[in-house]
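Peer 1: prediction below, plus the sequence it came from.
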Amino acid sequence: MNFLKINWAPNEKLFEIGGFGIHIYSLMFIIAFLLGLRLYKKMFIKENVDQKYLEPLFIYMVVSTLLGARLGEVFFYNWDYFQNHLLEILLPIKEKADGSGYRFIGFRGLASHGATIGILIGIYLYQRIYKFKPLIWILDRLTIPVAIGGFFVRTGNFFNSEIVGKYTGSNFGVVFQNRGEIHPRYPAQMYEAFGYLILFFILRKIYNSHFRDQGGFLLGLFFIGLFSIRFLVEYVKESQGGFEKNMPLLSTGQWLSIPFITLGFVLLAMSFRKKLTNP
């Protein structure tokens, strides 16, 4: 059944000028941030929050997301490489194979678990300065733009032919011809992307209900939903390395997801407890 097999060889760049170009992956990040800003602005308007707090929140989100995602990739997955290439940690370059210098590659290698930690730290610092609402209020509402952002980022990974699935061993799947392959793999990036898209609609629906004011409910559900999706998709995803060689029972992504899923259940329990004690 050949219609179940897709040969995938997209042009990763929208355009290129003088060796520099805009990648579709980069465009997906831009869309994720701008759409997230629009969604959060609507929430500010709906809840009568002064929009002067929106711009600094956006800046904190962008910086903390990218910095956290990059450092997550470095320390969770590829420290063996980066410990000998420290300059490449925060610069969009990679040493040439012959050691003759560096080439510009853009920022490739970003880890979602690191991004989550970065966002939590960044928004904590933001709320320490702009104390217009409690930290949990801000984080609850951030789950909605972050969920849809995850959809666009994983779609960007699909266009980049990266974070691929395992070989299906059948005629079903996607052949990533940009990688020089001839056998189909599971489209793990899109499994994850559509999982996040569904989570986005669920969170947005809940936000429009009375649960919106149940502090920690949205954040708890987000952690459970997003990292459960990640945990399950890891079963059909090619290994990305990390520390799973020393802890072989699960993949690195699965080990990193467990604390967030656990935190999600704790937040849910706390949100219901607060509701019972403060009806």
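Peer 2: Arrived safely.
Peer 1: please make it C-alpha for all contacts and neighbour counts, starting now.
Peer 2: Noted.
Peer 1: now do residue 12, the pLDDT please.
Peer 2: For residue 12, the pLDDT comes out at 70.
Peer 1: pull the contacting residues for it.
Peer 2: For residue 12, the contact set (C-alpha atoms under 8 Å, 6 or more residues apart in numbering) comprises 23, 24, 25, 159, 160.
Peer 1: now do the phi/psi pair for it.
Peer 2: phi -70, psi -20 (degrees, to the nearest 10).
Peer 1: ok, the spatially most central residue of the chain - contacts?
Peer 2: Nearest to the geometric centre of the chain sits residue 112, at 4.0 Å (C-alpha atoms, centre = their mean). Contacts for residue 112 (C-alpha under 8 Å, 6+ apart) come out as 69, 72.
Peer 1: how about residue 70: what's its closest non-neighbour residue?
Peer 2: residue 110 (4.8 Å; C-alpha to C-alpha, 6 or more residues apart in numbering).
Peer 1: also residue 127?
Peer 2: In space, residue 127 is closest to residue 135, 6.1 Å off (C-alpha to C-alpha, 6+ apart).
Peer 1: so is the residue nearest to residue 181 when sequence neighbours are not counted in a helix, a strand, or just coil?
Peer 2: Spatial nearest neighbour of residue 181, excluding adjacent residues (C-alpha to C-alpha, 6+ apart): residue 175 at 6.3 Å. Here residue 175 is recorded as strand under DSSP: H, G, I helix; E, B strand; the rest coil.
Peer 1: next one, pLDDT for residue 175 please.
Peer 2: 95.
Peer 1: ok, the residue nearest to residue 70 - contacts?
Peer 2: 66, 69, 70, 71, 72, 73.
Peer 1: what sits up against the helix or strand encompassing residue 35?
Peer 2: Following DSSP states H and E, one finds residue 35 within helix 24-46. Contacts to helix 24-46, defined as C-alpha under 8 Å, 6+ apart, come from residues 12-14, 50-51, 54, 58, 62, 141-142, 144-146, 148-150, 152-153, 155-157, 159-160.
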